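1. give me the fold of what follows.
(one chain, ligands or ions: 1)
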Amino acid sequence: MRHLHTRTTRRRVVGAITAGLMCTAALVVPAATAPPARALDDGLARTPPMGFNNWNSTYCRAEFNETMIKGVADLFVEKGLKDAGYRYVNLDDCWAKPQRDADGKLVPDPVRFPHGIKAVADYVHSKGLKLGIYTSAGTKTCDPNGFPGALGHEYSDARQFADWGVDYLKYDNCNNQGLDARQRYRTMRDALKATGRPIVFSICEWGENKPWEWAADVGHLWRTTGDIRDSWASMLTIAKKNLPLAPYAGPGHWNDPDMLEVGNGGMTDTEYRSHFSLWSIMAAPLLIGSDPRKASDATFTILGNKEVIAVDQDPLGRQGSVLSSEGGRWVIAKEMADGSRAVALFNETASPQRIATTTAALGLPDADAYTLRDLWQHRTYNTAGAVSATVPAHGTVLLRVAPDPRWAAQPPAVELALKGSLFTEAGSPAVLTTTATGLGRTAARDVSVTLTGPGGWSVRPGSATTAASLPTGRALRTTWTLTAPAGTPDGSYPLTLKASYRSPTGVSTENVVPLTATVVVAPPAGTSYLGDLPWVFAGSGFGPAERNTSNGGKAAGDGRPITIGGVVYGKGLGVHALSDVMYYTGRRCTTVRADVGVDDETGAKGSVAFEIWADDNRVAATGTLTNAMPAQPLTADVRGAELVRLVVTDGGDFIDSDHADWADARLTC
Ligand code: GLA
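-> Below you'll find the model as predicted:
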C-alpha cells in the first residue's frame, strides 16, 4: 500500500536518535564561527519574537478560524501571556481561498474568516497584540490543498498584508520552482519594506540553503530544521541541529528551531520543561503551538515562567552554546546582559544523571561566592563555585549564576546525587546510594536526607541519613534498599529524594529531586520473540509500535502481516522512524537477532537504518535500507546490558513512509 502521511513527514532531514554525543567546546568558541552579521536595521525583533501560531495544534482543520484566533487573543490577556511577553498571534497555512480573485488578490477563506483578515487584525490590535500571517515563496503553499503562494506576487501580496494590518509574515518554501532561495526571500524582504509597515519577516526554508550564512539582512528569523513534531525524538533532534548555530544569532536575526509543542500532549511535562528551557537558552522564537483554549494549568505554568522567558528575551541577544555534552549530559550556557550566565543542565538520557560544571568553566569572574538561582523551582542558593545537580531523566535544571556580593543572604546549595539502577523487579530488593554534598561557601547545618517511594514500597536506609554540618565539598553518603511489593504491576512510579537543612542564619531549606522508579519484568530464560515481551518504552514516529504486525497507519492495532521483499513473518515489531523501543534485560541476556527492513506496505518508498543499543553502547547497526532491498539479518551481543534498545533512524534523509520491521526479532537470555 502506498500511503500518504500527515504532511509534516514528507521531507526533511532528521538525524539519528542517539543516547548521547561526545563533544566538548569552550563556551565562547562555538562549533561554527559566524561572520559578523549585518542585521536588518529596522528595530524589529531585537529579542526573539514571542506569540502563538495555530499550525502545531490545528494543522489545516476547520477549528482554525476567526473564533479560534480571537479566543487566543482574549486568553493572551486573561491568562497573563501578554503580560509575560507574548505578542504575535499568527495564522499559518489554510487561511486563504485556493484561488486569487480576478484582480490577482488573495481572498480569505469565507468560512474560516467570514469578516476577512483586517477584522481579525483590528480585534487582535485592540487587545494590544499583533497579527501574523503566512504564505510561501513559491507558486502554492505547503498544504496539499495548495493555497496561493507569493512567488511573482510579492509586492501586491505584501501590500495586501500591510493594508490588512499584518505585523509578521512567515514565508514558507514549498513549490518554489527550483528558484534561488536568496533571491526569493530578498524579493519579499524588499516588498515588505516597500509597504512602509513594520513587519517581522520569518524565513521558513527549513535550513535547506543555510540561511544562517546569508539571511541576517534578509529576515528577522529563519527556520534551521524541518518541521517539529510533538515527540521527544523530534524535539531532541531539532535541538541538536540548532545548538551548533549559536554564533549566527543575535538581535534582529535569530535561529528558529520551529514552534513550541508544549501542551500538545505527546511529551511529559518534564520533557516540555526541557523543550521550553532549551528553546529559551537557544534564544529561539517562543511561538506557542498548543491551543491556549484547551491548555492545562501545567502548560500555562511552563509557558508563563517569566524567569525562563527572561533568559530567552535577554537584551544581549546571545544564543546559548554547548559547554560540554558527554553521555547525554549537556551543559549549555548563555551569557546574559547583566554579566550572569544562564545554564541548562540537560539530561538527554532515560535515567537520572549528575550533570556538573563550575563558575570558572562558565567564564564568570573570580569571587568568594556566587548566587545560583533555580529558574523552575524559583529558589536562590549560594555556591563556592560548583554548579551541579542530579537531573531527572529527560529533564533540565535551568539556573542563573552570578557573582553576587549579597550571596551570604542565601542558603548554601546542597547537591543530591543517586547511584544505582531505578529499574527494579517487583519483590526483589535493589540497592541505591545517595549523596548530599555541600556546595555553598557556608555550611549546610542539620542536614537530613530522605528517600520516599509509593505507599507499600519498602525504602530502608542502611547508613546515616543525617549530618550535623556539610561544609564546602563535604558529603553525606547513604545506602538504601528499595523493594517494590511482589505483584506490583510493571510501569513507572514516583520516588522523591530530598535533603532538608538549615543555613547558618537558621533559614530552613529543602532540595527535592523527583525521580521515577520503573518496575520491570524479569526477562524469561531461553529464546523469546520480542513481539511477545513487555517493553519498558516504545516510541514510534507515526502511530504506536505494533506487536507482530507492521506499523500500518496511525491507529493502534492497524498493522498488517510483517512483509519484507515479499517474505511474510509471523512475529516481530512494526514501527515507523524515528523509533526507539526499550526492553529490560537485567544483565541476564546474551543476544538479540532480527531480520530487518522496510515493510512492503510503503510501496516504493521508505529508507531507514536499524541500530541495537546495549545500555549506552551501539552494538549493531545496518546501513541505510530501502524498500527495494530484502531483509537483512542483524545480530547483537547484549551481554551485561541492563537495557536493550531497538532504534530506527530515517537513514539520513527525511522521514517519508519509513515503515520499519524488526521481523522475527528474538531475545536470548
Ligand atoms: C511547512 C512549514 C510548517 C507549516 C506548514 C503549513 O511544512 O514548515 O511550519 O507552516 O508548511 O503547510
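2. could you use CA atoms for every contact and neighbour count after this?
-> Will do.
3. would you mark the buried spots in stretch 480-495?
-> Within stretch 480-495, the residues that qualify as buried are 480, 482, 483, 484, 485, 490, 495, counting by 16 or more other CA atoms under 10 Å.
4. which bits of the stretch 1-150 of the chain sit near the ligand?
-> 8, 92, 93, 142, 143 (CA under 6 Å from any ligand atom).
5. which residues are contacting stretch 347-362?
-> 19-20, 27, 323, 327-331, 333, 341, 345-346, 365-366, 385-396, 401, 417-418, 422, 515 (CA atoms under 8 Å, 6 or more residues apart in numbering).
6. which one's the longest helix in this structure?
-> helix 181-195 (DSSP state H).
7. contact partners of that helix?
-> 137, 151, 154-155, 158-159, 162, 199, 201, 203, 209, 214-215, 218-219.
8. and the helices in the stretch 101-250 of the chain, which stretches?
-> 116-126, 154-164, 181-195, 232-242 (DSSP state H, counting those that start in this stretch).
9. can you give me the strands in the stretch 501-650 of the chain?
-> Under the criterion DSSP state E, counting those that start in this stretch, the stretch 501-650 of the chain contains strands at 508-520, 527-529, 537-539, 546-547, 562-564, 567-569, 572-576, 579-584, 591-598, 607-614, 617-621, 625-626, 632-637, 643-649.
10. no wait, the stretch 151-300 of the chain
-> Using DSSP E, counting those that start in this stretch, strands in the stretch 151-300 of the chain cover 168-172, 200-203, 221-223, 254-256, 286-288.
11. for the ligand, find the nearest of the ones you listed.
-> Closest to the ligand of these, according to CA to the nearest ligand atom: strand 168-172, at 6.1 Å.
12. quick one: contacts of the closest one?
-> Outside strand 168-172, the residues touching it (CA under 8 Å, 6+ apart) are 88, 90, 92, 130-138, 141-142, 199-205.
13. how far does it sit from its chain's centre?
-> Relative to the chain's own centre, strand 168-172 is displaced by 23 Å; criterion: CA atoms, centre = their mean, to the nearest Å.
14. quick one: it to helix 181-195, angle?
-> 160 degrees (axes from the mean of the first three to the mean of the last three CA atoms, to 10 degrees).
15. just the CA trace of strand 168-172, in CSV.
-> Extracted in CSV, the C-alpha atoms of strand 168-172 (Å, rounded to 0.1, in the frame of the first residue of the first chain):
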residue,chain,number,x,y,z
TYR,A,168,4.5,39.4,10.9
LEU,A,169,5.0,37.2,7.9
LYS,A,170,6.0,33.6,7.9
TYR,A,171,7.3,32.8,4.4
ASP,A,172,7.5,29.1,3.5
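16. switch to numbering from 23
-> OK, 23 is where the count begins now, so the last one is strand 190-194.
17. hang on, the earlier thing: from the strands of the stretch 523-672 of the chain, which stretch is densest packed?
-> strand 594-598 (a mean of 29; mean count of other CA atoms under 10 Å).
18. could you give the average pLDDT over that one?
-> Averaged across strand 594-598, pLDDT comes to 97.
19. got the angle for that strand vs strand 601-606?
-> 140 degrees.
20. residues in contact with strand 594-598?
-> 551-553, 562-574, 581, 584, 670, 679-687.
21. cutoff 6 Å now
-> 553, 562-564, 567-573, 680-687 (CA atoms under 6 Å, 6 or more residues apart in numbering).
22. from the chain's centre, how far out does that strand sit?
-> 24 Å.
23. now the helix or strand encompassing residue 683 and strand 654-659, what's the angle there?
-> Using DSSP states H and E, residue 683 sits in strand 681-690. Interaxial angle of strand 681-690 relative to strand 654-659 (the same axes, to 10 degrees): 40 degrees.
24. please save the CA atoms from strand 681-690 in CSV.
-> The C-alpha trace of strand 681-690 is given here as CSV (Å, rounded to 0.1, in the frame of the first residue of the first chain):
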residue,chain,number,x,y,z
HIS,A,681,7.8,1.8,7.9
ALA,A,682,10.5,-0.4,9.6
ASP,A,683,10.2,-4.0,10.6
TRP,A,684,12.1,-6.0,13.2
ALA,A,685,11.0,-9.2,11.7
ASP,A,686,11.3,-12.4,13.8
ALA,A,687,13.1,-10.3,16.5
ARG,A,688,14.3,-12.6,19.2
LEU,A,689,16.0,-12.2,22.6
THR,A,690,18.1,-15.0,24.2
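25. quick one: buried residues of stretch 284-292?
-> 284, 285, 286, 289, 290, 291.
26. tell me the domain ranges of this structure?
-> 72-341, 342-430, 433-542, 549-690 (automatic domain parsing).
27. backbone dihedrals for the residue in the stretch 223-372 of the chain that the ligand sits nearest to, please?
-> Across the stretch 223-372 of the chain, the shortest distance to the ligand (CA to the nearest ligand atom) belongs to residue 249, at 5.2 Å. Main-chain dihedrals, residue 249, degrees, to the nearest 10: phi -70, psi 140.
28. for burial, what's the neighbour tally of it?
-> Per other CA atoms under 10 Å, the neighbour tally for residue 249 reads 23.
29. who are the contact partners of the nearest residue to residue 362 once chain neighbours are set aside?
-> Excluding its sequence neighbours, the residue lying closest to residue 362 (CA to CA, 6 or more residues apart in numbering) is residue 424, at 4.5 Å. By CA under 6 Å, 6+ apart, residue 424 lies in contact with 362, 392, 393.
30. how about the residue nearest to the spatial centre of the chain: what's its closest non-neighbour residue?
-> The chain has residue 257 as the residue nearest its centroid, 3.1 Å off, counting by CA atoms, centre = their mean. Once flanking residues are discounted, residue 257 sits nearest to residue 250: 6.4 Å by CA to CA, 6+ apart.
31. distance of the one you found from residue 461?
-> 38 Å (CA to CA, to the nearest Å).
32. likewise for residue 268?
-> 30 Å.
33. is the ligand contacted by stretch 279-288?
-> No - judged by CA under 6 Å from any ligand atom, stretch 279-288 stays clear of the ligand, getting no closer than 7.0 Å.
34. check the separation of the first and last residues in that stretch.
-> 18 Å.
35. and that stretch, what's its mean pLDDT?
-> Mean predicted confidence for stretch 279-288 is 96.
36. ok, and what's touching it?
-> Counting by CA under 6 Å, 6+ apart, 245, 246, 252, 253, 294, 309, 310, 311, 312, 321 sit against stretch 279-288.
37. how about a cut-off of 7 Å?
-> 78-79, 245-247, 249-250, 252-253, 260-261, 264, 294, 306, 308-312, 317, 321 (CA atoms under 7 Å, 6 or more residues apart in numbering).
38. off-centre distance for it?
-> For stretch 279-288, the distance to the chain centre is 8 Å (CA atoms, centre = their mean).
39. output the below-cut-off pLDDT ranges for the stretch 73-222 of the chain.
-> Within the stretch 73-222 of the chain, no range satisfies pLDDT under 70.
40. from the chain's centroid, how far away is stretch 569-589?
-> Counting by CA atoms, centre = their mean, stretch 569-589 comes out at 29 Å from the chain centroid.
41. thinking again about what came up before, JSON lines for the domains of the chain, including distance to residue 62?
-> Shown next, in JSON lines, are the domains of the chain (distance: least, CA to CA, whole Å):
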{"stretch": "domain 72-341", "distance to residue 62": "5"}
{"stretch": "domain 342-430", "distance to residue 62": "21"}
{"stretch": "domain 433-542", "distance to residue 62": "44"}
{"stretch": "domain 549-690", "distance to residue 62": "32"}
